[in-house]
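In: Sharing a model prediction with you, sequence too.
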Amino acid sequence: MGAWRGRPLPAPRVHRFRRLPSLPFQPHARRRIVLLVAGCLLGCGGEEPAVVPQLPDYARASYAVVETATDSTALRFTDITASAGIRFVHETGAFGGKWMPETMGSGGGFLDYDSDGWPDLFLVNGTHWPGHRRDGASPTARLYRNRGNGRFADVTAAAGLDFSMYGMGVAFADYDGDGDVDMYLTAVGDNKLLRNDGGRFTDVTGQARVAGNSGRPGDSPSWSTAAAWVDVDRDGRLDLFVCNYVKWTPETDLYTTLDGKTKSYATPQQYQGDTCRLYRNVDGRRFTDVTERAGVLNPQGKSLGVAVADFNDDGWPDIVVANDTYRNFLYQNDGDGTFTDIAVSAGVGYDEFGRARAAMGVDVADVANEGRLSIAIGNFSHEPLSLYTQIREGLFQDRAGAARLTRASLLPLTFGLLFADFDLDGYADLMTGNGHIEPEINAVQQDVTFAQRPQLFRNAGGGRFVDIGEQIGKAFAEPIVARGVATADIDRDGDLDVLVTVNGAMPLLLRNDLPRGDANWIRIRLVGAGQNRGAVGAAVTVYYGDLRQWRMVRTGSSYLSQSETNPLIFGLGTRQQIDSVEVRWPVSGAIQKVGAVRAGETRTIREQALGAAGADGAEE
């Protein structure tokens, strides 16, 4: 980028690597090149390899060693799932056939469905497969109302959500501008758009025409995964971007095996991909499929994660998509209703050796608070995390090695992945939810397990992260089969609490018990004009001294899950206030500046109907 959200950038420190062509090398020749480059990376400059070689080379001890954290932290998380009243077990539908979707779900997240100011909890669920239904009630998703006292009440039936579907992910937003938060559920099969009518949800999928499929007669329903609400044309109405994975049905399920004896869960290489879909919001009630017209038709994609950001700081939202064994997409918004995929030229489509990784979750943040956005992507076992960081406008470099993320993330299979400032020091930390897809993986790969511990990488400054999982509570020491990760301030004490969804088991609801007084914070709540009352797409920058933090109100990110989007919490460390706040509203582009905000204060900033903006100075 040429500017820090509109301001000059310091000169970047760039370590340049020449990309190796992916063809026409033979496997043995490629392997020699991989070893040579990896050896250079290990021996030069003292940083971890930004990328790592193929599976046989990862078995070497020099790659497998994870550095011991030397940073101390007061951060602690407490598992309050049971005490909070969460009684939910994810249903995979598994009956012994090892059908591929069973091991991929599912997500969840936070929304304030009843508009009482307390973030509520929603958990997506699978169901039984046709012909394999078991006794008892059919599995359903679960909505838990935050009672504001540390406990949640199951309001699924009262909210009209007691139906069964093979759900995968969820995205929340007020798409019709009526003041309450609606939800979009993705699934194996038809998706559902659920309109919130005063706390009770109505299925309006048919009317809105957003089932996630091609709509062509004879085509099988898609397997949808992640989704994001985003106003791509800045007309004030939220559009919908839906990721689709592969063309799988029970009838086309393929037999795969790891040991040559028993069936294992398939990987996406064996299946044809499917395109993502973009639905334009026409009038707050109906949508039209603009996938091809907008330039996001991608029938070879195998998409699992989506994140929204403004990478070139032009006021138009861009979209990054993480693909599983196919190159990633980076859709730059052209400002005329179309997108251009710049992933390859920008350096985020492949790894440093020109290979597509098995990507799952994705998120975006300015990890150094200096105006360069980083795209973090969770990958398969023996593929470390990706951290594609802007080195100039339109160009990224994978800085996972320099950030000290490579070794610690090498063996886990990372699904959920999320940036958040958990210790409120003003810098975005990185949390991952890990777990393999194959329960018997340890029988054929002795260094990999099915259940894996979550990880929290503390942002230590200087572009470096440290895995502090062993210091922050029992939940980060016990292996689970994690999928989604989402955050919200469920107790409104200023720090971010965590939801981790678990495949085939109970989720984890983790309360952040950062000691009071160790770090300060402010909360910014935005109220948009027109239909986009949740201010999705608004960019907020806070300033204090010569430091600054930038955030965008956005949906999507992580894996199949969504965090609380508005209000935004900014960590201040030991500072007692911030000097000013700057908001860029998504439709008009108008910039509103607000003065000092004291630590512990919630400031509400309202957009005026004609594009002018004002702050009501409210404190909560």
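Out: Perfect, thanks for sending it.
In: helix, strand or coil for Gly206?
Out: Under DSSP: H, G, I helix; E, B strand; the rest coil, Gly206 falls in the helix class.
In: What's the separation between it and Lys192?
Out: Counting by CB to CB, to the nearest Å, the gap between Gly206 and Lys192 amounts to 10 Å. (C-beta placed from N, C-alpha, C; glycine too.)
In: same deal with Phe110?
Out: Counting by CB to CB, the separation of Phe110 from Lys192 is 19 Å.
In: do Asp518 as well
Out: To Lys192, Asp518 is 42 Å away according to CB to CB.
In: the more surrounded of the two?
Out: Lys192 (24 against 15; other CB atoms under 10 Å).
In: got the contact list for the more buried one?
Out: Lys192 sits next to Met165, Tyr184, Leu185, Asp203, Thr205 when contact means CB atoms under 8 Å, 6 or more residues apart in numbering.
In: same thing but 7 Å
Out: Lys192 is in contact with Met165, Leu185, Asp203, Thr205, counting by CB atoms under 7 Å, 6 or more residues apart in numbering.
In: Just say helix, strand or coil for Ser345.
Out: Ser345 ends up helix, using three-state DSSP.
In: Skipping adjacent residues, who's closest to it in space?
Out: Once flanking residues are discounted, Ser345 sits nearest to Gly394: 7.1 Å by CB to CB, 6 or more residues apart in numbering.
In: rewinding a little: would you list the contacts of Lys192 in CSV and tack on neighbour count?
Out: Shown next, in CSV, are these (neighbours: other CB atoms under 10 Å):
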residue, neighbour count
Met165, 21
Leu185, 29
Asp203, 15
Thr205, 17
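In: And those residues, which is closest to Pro317?
Out: The shortest approach to Pro317 among the contacts of Lys192 belongs to Leu185, at 22.5 Å (CB to CB).
In: The contacts of Lys192 in helices, which ones?
Out: When the contacts of Lys192 are checked against helices (DSSP state H), the matches are Thr205.
In: can you list the contacts of Lys192 in TSV and add distance to Phe339 and pLDDT?
Out: Below are these laid out as TSV (distance: CB to CB, whole Å; pLDDT from 0 to 100):
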residue	distance to Phe339	pLDDT
Met165	30	97
Leu185	25	98
Asp203	30	98
Thr205	25	97
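In: quick one: which of the contacts of Lys192 sit in strands?
Out: Judged by DSSP state E, the subset of these located in strands is Leu185, Asp203.
In: Quick check: of the contacts of Lys192, which lies closest to Gln471?
Out: Once CB to CB is applied, the member of the contacts of Lys192 that ends up nearest Gln471 is Leu185, at 36.5 Å.
In: How about that closest one: what's its closest non-neighbour residue?
Out: Lys192 (4.5 Å).
In: State the distance from that neighbour to Ser106.
Out: In this structure, Lys192 and Ser106 are 14 Å apart, going by CB to CB.
In: Next: Asn191.
Out: Distance, Asn191 to Ser106, using CB to CB: 13 Å.
In: between these two, which one's more packed in?
Out: Ser106 (32 against 26).
In: OK, contacts around the nearest residue to that one once chain neighbours are set aside?
Out: Distances taken as CB to CB, 6+ apart put Val124 closest to Ser106, at 4.2 Å, once the chain neighbours are dropped. Applying CB under 7 Å, 6+ apart to Val124 gives the contacts Gly105, Ser106, Gly107, Gly108, Ala141, Gly167, Met168, Gly169, Val170, Leu185, Leu560.
In: quick one: pLDDT of Val124?
Out: Note on Val124: pLDDT of 98.
In: Asp324 - how many residues pack around it?
Out: 25.
In: That one against Pro268, yeah?
Out: Yes - the pair Asp324 / Pro268 is scored as a contact, 4.9 Å apart, by CB atoms under 7 Å.
In: Within the sheet, what are the partner strands of the strand or helix carrying Thr541, with directions?
Out: Thr541 belongs to strand 539-544 when elements are defined using DSSP states H and E. Here strand 539-544 has these sheet partners by DSSP bridges: strand 547-552 (antiparallel), strand 580-584 (antiparallel).
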